[in-house]
Structure formats: C-alpha cells, structure tokens
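> I'd like to go over a predicted model; first the sequence, then the structure.
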Amino acid sequence: MTLNDLRQLITEGEVKAALDQQIYDSLTFNREGNTRVNVPYAIAAAARWGYARLLGAKAQHKGFDEDELEVIREALIKRAVYELGRTSEYKENFDMDRDDADTLFDAVLGRGDGSSDSGDNGTSADAMVGASGVQYEQVHKPCNSTIFPAARYRGR
C-alpha cells in the first residue's frame with residue numbers, strides 16, 4: 001500500500017461527516033476567500049501518519065482485505081479530524097480521535113487486540129510513561145484531604 005493509496009481511502013466529505021457541522025465550519029472556515037481550508041492538509045497528514053505506521057510495522061507490502069481496509073479508512077478519518085483540530089489550535093479537544101486512530105490502526109497491523117488496554121500490565125515500551133507525564137500527574141493529582149487534612153494548608 002502506497003502513500004497515495006492511503007490518501008485516496010478518504011474524502012473531504014467523510015471528514016466533514018465525522019464532525020458536527022458547527023465544529024467543521026469553525027475548523028475549516030477561511031474569511032478571506034470563503035473557502036474550506038485545512039481539510040486537504042489534514043487528509044494528507046493522516047495518510048502520512050498511516051504510511052509511517054505501515055513502515056514501522058513493515059506492512060507496506062501486505063495485502064489488506066476489505067474489512068481491514070474499512071478499519072484503516074476509519075482510522076485515517078479519525079486522524080484527519082485530529083489533524084484539523086491540531087492545526088486549528090484545538091488539539092486537546094481531539095486527542096480521543098488521535099487515540100482511536102492509533103488503536104484502530106494497531107489492531108489491523110496485529111499490534112494489539114484493538115482495545116486501548118493492551119493487557120501487558122504496562123510492561124511494553126508503548127505503555128511506558130515519560131518523565132514529563134509522571135511529573136504532570138504528580139503536580140496535578142488532587143490532594144486527598146481526608147487522609148492528609150493538614151497538607152492542604154501548609155505554607156499559608
């Protein structure tokens with residue numbers, strides 16, 4: 001499967017159908033020309049992402065059946081929606097689409113069972129959390145004031 005094959009798996013109409021009309025309008029409206037922007041870029045970016053996943057799995061020459069192609073198509077649509085949100089600086093609102101795309105594509109490539117939990121109890125490299133993620137969780141974790149009531153008021 002080539003990069004061009006992946007680009008042709010989805011259309012602008014399918015990306016539009018994956019979003020609420022108001023969200024689609026706000027993500028793609030160009031005031032100067034009243035034309036839709038970012039959708040061709042999002043489709044191309046999704047195809048590049050998909051091709052990179054195929055290369056990583058050494059599956060670019062694998063023949064996919066009709067059902068697998070449908071799952072790949074859905075993954076590409078979700079990734080294109082994520083790319084639209086990312087280029088419009090609303091990335092956080094579309095992280096679930098990115099995660100869904102990863103899960104769908106990994107399932108087709110045989111890298112998991114298609115669920116977001118791989119069942120490896122966090123032992124694979126994909127399940128490891130970087131130091132910045134750990135730091136974020138520790139800083140933003142709510143304080144359990146029932147167990148440590150005085151900890152909330154220290155230093156005030």
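Received the coordinates, thanks.
> Surely residue 54 and residue 109 touch.
Yes. Using C-beta atoms under 8 Å, residue 54 is in contact with residue 109, at 7.5 Å. For glycine as for every other residue, the C-beta is placed from the backbone atoms N, C-alpha and C.
> which of these two has more neighbours?
Neighbour count, other C-beta atoms under 10 Å: between residue 54 and residue 109, residue 54 has more, with 23 against 18.
> what's the neighbour count on the closest residue to residue 104 other than its chain neighbours?
Leaving aside its chain neighbours, residue 104 sits nearest to residue 75 (3.8 Å; criterion: C-beta to C-beta, 6 or more residues apart in numbering). Counted by other C-beta under 10 Å, the residues lying close to residue 75 total 27.
> Equivalent analysis for residue 102, please.
Neighbour count for residue 102, taken as other C-beta under 10 Å: 20.
> Any regions of the protein where pLDDT drops low?
30-37, 89-92, 112-156 (pLDDT under 70).
> can you map out the strands along it?
For the chain, applying DSSP state E gives strands covering 29-30, 35-36.
> need the longest helix for the protein.
helix 66-87 (DSSP state H).
> Do a quick rundown of the helices in this protein.
With DSSP H as the criterion, the chain has helices at 3-7, 12-17, 21-28, 39-56, 66-87, 95-108, 131-140.
> Now the first one: buried residues?
By neighbour count with 16 or more other C-beta atoms under 10 Å, helix 3-7 contains the buried residues 3, 5, 6, 7.
> thinking again about what came up before, quick check: which of the helices of the chain is buried the most?
helix 66-87 (a mean of 21; mean count of other C-beta atoms under 10 Å).
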